[in-house]
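Student: got a predicted model here, sequence first, then my questions.
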Amino acid sequence: MDTFQINPVSLIRVLSMSLGLTMEGVNMHHIRTAMLCKSMAEHMGIPTDVQQQLVQAALLHDLGAASSQSERHTLLAADREHELGTTIYSHADAGYALLRDSRCFSPLADIVRMHHDRWDGGNPSGCSGNAIPLESRIIHVADRVDVLINSQRPVLGQTGDICYNIRSRRGTQFDPLLVDVFLECSATESFWLDVNNPGYADLFFRQISNWGQKSFTLSDVMDIAELFASLIDRISPFTATHSRSVSGVATMLAAQYGFSETERSMIRIAGLLHDLGKLSVPNTILEKRGKLDPAEFCIIRQHTYYTYRLLEQIDRFEAIAEWAAFHHETLDGTGYPFKKSAGSLPLGTRIMAVADIFVALSENRPYRDGLDRESIERIMYDMADRNKIDRRIVDVLFDNFQKAYGIVRSAEAMPHEKQLREPHAAA
Ligand SMILES: [Fe+2]
Ligand SMILES: [Fe+2]
Ligand SMILES: [Fe+2]
């Protein structure tokens, strides 16, 4: 299992991009905040290991808001931190709750929790001044700078106003020393042009890839995929355990087909991340009861495109990306979004498609109970007859019906500490 090693930056970059998915594409807030943090940290001469932690936290800092497009929109619409009052802390608390249980990311939890904490206190954490982690204080400044940049206008025309705005909060909202650092390092045009240049992001990621951090193993990737499955499943209570169930059923089917231990771990990860692109779909569409209208269906059809385009960028994820993202392609070539057909749909992909449909039909939804075996069988064999899904896999599924059904039921019964059903602290 441990021969599967990937550079953490390769994975974190993609996760960071997934946090910026919208109906229109990927926004760069996390990446730009991380670039600003790195510039400030370099200017201060902070040791590389602290910079690593800072940049990782910056790349993920708003993950607590990822499951709600409206919350994300509020955070980015303008610099409304002071108007939002204590609600600004909701996503920071939610991000903390997600990260603290993660084996790989738990060191980032406190940094994320306090990334909106004011220097002069009054924060839910009870911290103020230097008791707030340095990384949180840097992210706080960088995050607000990024929100103040209007991407519709040339950035160099805005620097005076932004610097004035940040300086006006020196010693109240922000650490005075860090405001000075920001003002010093933002004195060059290149500082601003780098932040605003999507092409510069490639260079940024190349630089931080060479920091020499410890590789992620397959079990590290599984830990992180579990965390992201929680984000995906939190988008809607309608599908609160969907990713875990699909992952479990697909892994069970893969075992029937003799997948090796490594391949079974890979398909488990693919299942956990198969709907990653759903972070681009507004909650209102995912929660709509009844039929979607054509415009809404257009947006839904984007989700597996983003799952693929994100996952394929991760080192060693070629197979995982295909198994995860082609679950709405069909053997007859009428699926989406690549119009793949039988010849280009590998076994892992076909298994995922069958697992996804089975779970969708058998899981309980708030507005209906899961279907019974007979109904599920009728629907799935009808799809096999119409050359949508692989009949042999459907046979294997129903040979193991109790196991598969049990996986769905036990995911639904699982305590939800990883799925973070608890309400946001300040909501
Ligand atoms: Fe935030
Ligand atoms: Fe942010
Ligand atoms: Fe899907």
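Tutor: Yep, that arrived. Ligands and ions are numbered 1, 2, ... in the order given.

Student: C-alpha from now on. contacts and neighbour counts both.
Tutor: OK.

Student: quick one, helices of the stretch 251-400 of the chain?
Tutor: Ranges of helices in the stretch 251-400 of the chain, per DSSP state H, counting those that start in this stretch, are 261-273, 283-286, 294-300, 303-311, 318-325, 347-362, 373-385, 391-399.

Student: go through the ones you listed and name the closest to L148.
Tutor: The closest of the helices of the stretch 251-400 of the chain to L148 is helix 283-286. By Cα to Cα, the value is 26.3 Å.

Student: tell me the pLDDT at E71?
Tutor: Turning to E71, the model gives it a pLDDT of 84.

Student: that one: what's it in contact with?
Tutor: By Cα atoms under 8 Å, 6 or more residues apart in numbering, E71 lies in contact with A65.

Student: that one and Y89, how far apart?
Tutor: Separation of E71 from Y89 (Cα to Cα, to the nearest Å): 12 Å.

Student: still on that earlier bit, out of the helices of the stretch 251-400 of the chain, flag the one nearest G406.
Tutor: Closest approach to G406 among these (Cα to Cα): helix 347-362, 10.3 Å.

Student: centre of the chain to that closest one, how far?
Tutor: Going by Cα atoms, centre = their mean, to the nearest Å, the spacing between the C-alpha centre of helix 347-362 and its chain's C-alpha centre is 22 Å.

Student: for that helix, name the packing helices and strands.
Tutor: helix 242-256, helix 318-325, helix 373-385, helix 391-399, helix 401-413 (3 or more Cα pairs under 8 Å, 6 or more residues apart in numbering; DSSP states H and E).

Student: CSV for the ones you listed, including distance to L361 and mean pLDDT?
Tutor: Formatted as CSV, these follow (distance: least, Cα to Cα, whole Å; pLDDT from 0 to 100):
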stretch, distance to L361, mean pLDDT
helix 242-256, 11, 97
helix 318-325, 19, 98
helix 373-385, 6, 98
helix 391-399, 13, 98
helix 401-413, 10, 94
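
Student: looking at these, which is closest to Y306?
Tutor: Nearest to Y306 among the helices and strands packed on helix 347-362 is helix 318-325 (8.3 Å), distances taken as Cα to Cα.

Student: got the buried residues for the closest one?
Tutor: Within helix 318-325, the residues that count as buried by 16 or more other Cα atoms under 10 Å are 319-325.

Student: ok and that helix relative to helix 242-256, angle-wise?
Tutor: 120 degrees (axes from the mean of the first three to the mean of the last three Cα atoms, to 10 degrees).

Student: against which helices or strands is helix 318-325 packed?
Tutor: helix 261-273, helix 303-311, helix 347-362.

Student: can you put those helices in JSON lines and add mean neighbour count?
Tutor: JSON lines is the format used below for the helices and strands packed on helix 318-325 (neighbours: other Cα atoms under 10 Å):
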{"stretch": "helix 261-273", "mean neighbour count": "25"}
{"stretch": "helix 303-311", "mean neighbour count": "22"}
{"stretch": "helix 347-362", "mean neighbour count": "24"}
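
Student: so for I31, which of the ones you listed sits nearest?
Tutor: Distance to I31, taken as Cα to Cα, is lowest for helix 303-311 among those, at 14.5 Å.

Student: send me that closest one as CSV with only the CA atoms.
Tutor: Only the C-alpha atoms of helix 303-311 are listed here, as CSV (Å, rounded to 0.1, in the frame of the first residue of the first chain):
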residue,chain,number,x,y,z
HIS,A,303,-20.6,18.0,-11.7
THR,A,304,-18.8,15.0,-13.1
TYR,A,305,-16.9,17.2,-15.6
TYR,A,306,-15.4,19.0,-12.6
THR,A,307,-14.8,15.8,-10.7
TYR,A,308,-12.7,14.6,-13.6
ARG,A,309,-10.9,17.8,-14.4
LEU,A,310,-9.9,18.2,-10.8
LEU,A,311,-9.0,14.6,-9.9
